[in-house]
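Participant: model this:
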Amino acid sequence: MLLLGCGAAAKMHSRVLRRIGGVVLSYASRDGGRAAALCGMFDGRRAFGSYEGALSDDSVDVVLVATPTVSHRDLALVALEAGRHVIVEKPAFMSARDADIVRDSASAAGKRVMVAENYFYKPIAGYLRRVIRSGELGEIRFVTLDATKWQKVAGWRADPALSGGGALFEGGVHWISFASNIGLDVVGIEAIRTGGAPGCDRSSLVVLRYAGGAVGTLVHSWEIAAPLGHLRRSKVQGTGGSVTFESNGLARFTSGRSPSLGLPALRDPFGYRAMMKDFLGAVRDDREPQFTLSMARRDLDLLEQAERSMDGACEWRRQSTVQFATATAD
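Facilitator: Numbering: from 1, shown residues only. Now for the predicted structure:
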């Protein structure tokens, strides 16, 4: 596997892949020194000082794109043209329309494109899918997600032309994907920006409407510190019971016919290991991954709908989503 980009995401995926085993890693960066350093850190096979040179290496089967979001689409297309399967970091692309372009290219090349949305693979997400679809909670009325934390915005992430937008786009995509993958279908979404600081959004309230009448709320912020960095409480409530859980799924309590207390995330709390094992299996067995490109495209479309509804959204992003929507209509 060839990793394009040698930042924090590349390090995190490398640690996971090393634990899984059976994967030979190579690294590429515009800065050859960074690629060599990461290659040495994770006992990689080769390091490259250019993406173009790395993509010409015939020993590569899969390319993992972990560069700024603005470059994901074009690097994915080049990798597909070179005959490689592709994994892209989240947010997958700058727009849902980009996902269509990449999907068509992947179909023509006969290769797979997978999106590293680990929230689908969190143990708590799988648990919620099971209990909601089983009917154990009755008819769902409310989904309440608390995704507040303090996070520094620096480097390319501070430039919306490179990152794609503000906190809702860069980090909120995880939570919109989570809200869309708990066994309920989202049929409507809108967002309200909170706070009046200039620049891109850092705090927002998202309201989701589900088929069947349930309503979800997502409180998302990179300005409000959570206890111990990440501890927050979320809840799904139905007419037959509820699940109250630490937002990342570190612990949960289920009420209703069969009350239970669980610690579903002791081994792989954030789902990275399950995600990579699924992706590797999809390539080796020539099958779709559990989290598909179509699902990632749906998440981007929901983000664009939310951003278009949000007064005071990141102006660069707001203008871009209107352009994306116009281009799609054309």
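Participant: only C-alpha atoms for contact and neighbour calcs from this point on.
Facilitator: Noted.
Participant: Against residue 180, how distant is residue 145?
Facilitator: Distance from residue 145 to residue 180, counting by C-alpha to C-alpha, to the nearest Å: 12 Å.
Participant: In three-state terms, label residue 205 for me.
Facilitator: The local conformation at residue 205, judged by DSSP: H, G, I helix; E, B strand; the rest coil, is strand.
Participant: Specify the beta-bridge partners of it.
Facilitator: Per DSSP bridges, the residues bridged to residue 205 are residue 192, residue 219.
Participant: more neighbours, residue 145 and residue 180?
Facilitator: Comparing residue 145 with residue 180 by neighbour count (other C-alpha atoms under 10 Å), the higher total belongs to residue 145, at 24 against 20.
Participant: wait, what's in contact with the more buried one?
Facilitator: 216, 217, 218, 219, 233, 234, 235, 247 (C-alpha atoms under 8 Å, 6 or more residues apart in numbering).
Participant: ok so it is a strand residue?
Facilitator: Yes - checked against three-state DSSP, residue 145 lies within a strand.
Participant: Just give me the longest helix of this protein.
Facilitator: Under DSSP state H, the helix in the chain containing the largest number of residues is helix 293-309.
Participant: Check the offset of that one from the chain's centre.
Facilitator: Mean-position distance between helix 293-309 and its chain equals 12 Å (C-alpha atoms, centre = their mean, to the nearest Å).
Participant: Looking at that helix now, give me its mean pLDDT.
Facilitator: Throughout helix 293-309, pLDDT has a mean value of 95.
Participant: swap in stretch 130-144?
Facilitator: 97.
Participant: buried sites along that stretch?
Facilitator: By 16 or more other C-alpha atoms under 10 Å, the buried positions in stretch 130-144 come out as 131, 132, 136, 137, 138, 139, 140, 141, 142, 143, 144.
Participant: Contacts for that stretch, please.
Facilitator: Outside stretch 130-144, the residues that touch it by C-alpha under 8 Å, 6+ apart are 182-184, 213-218, 234-242, 256-257.
Participant: now stretch 235-242
Facilitator: 136-145, 243-245, 254-257.
Participant: Per-residue confidence at residue 206, what does it come out as?
Facilitator: For residue 206, the model assigns a pLDDT of 98.
Participant: What is the burial count for residue 171?
Facilitator: Neighbours of residue 171 (other C-alpha under 10 Å): 19.
Participant: State the distance from it to residue 310.
Facilitator: Residue 171 sits 16 Å away from residue 310, going by C-alpha to C-alpha.
Participant: Residue 18 now?
Facilitator: According to C-alpha to C-alpha, residue 18 and residue 310 sit 41 Å apart.
Participant: Compare the two and say which one has the larger neighbour count.
Facilitator: residue 310 (20 against 15).
Participant: List the contacts of that one.
Facilitator: Applying C-alpha under 8 Å, 6+ apart, the residues near residue 310 are 190, 191, 192, 193.
Participant: isn't the second one right next to residue 207, touching?
Facilitator: Right, residue 191. Yes - with contact defined as C-alpha atoms under 8 Å, residue 191 counts as touching residue 207 (6.2 Å).
Participant: Between these two, point out the one with more neighbours.
Facilitator: More neighbours surround residue 191 than the other of residue 191 and residue 207, with 23 against 19 (other C-alpha under 10 Å).
Participant: Quick check, pLDDT for the more buried one.
Facilitator: Predicted confidence (pLDDT) for residue 191: 96.
Participant: And the residue sitting furthest away from the middle of the chain, how far from residue 137?
Facilitator: Distance from the C-alpha centroid of the chain, by C-alpha atoms, centre = their mean, peaks at residue 257 (33.4 Å). Counting by C-alpha to C-alpha, the gap from residue 257 to residue 137 is 8 Å.
Participant: and what of residue 194?
Facilitator: Applying C-alpha to C-alpha, the value for residue 194 to residue 137 is 32 Å.
Participant: Equivalent analysis for residue 26, please.
Facilitator: For residue 26 relative to residue 137 (C-alpha to C-alpha), the value is 47 Å.
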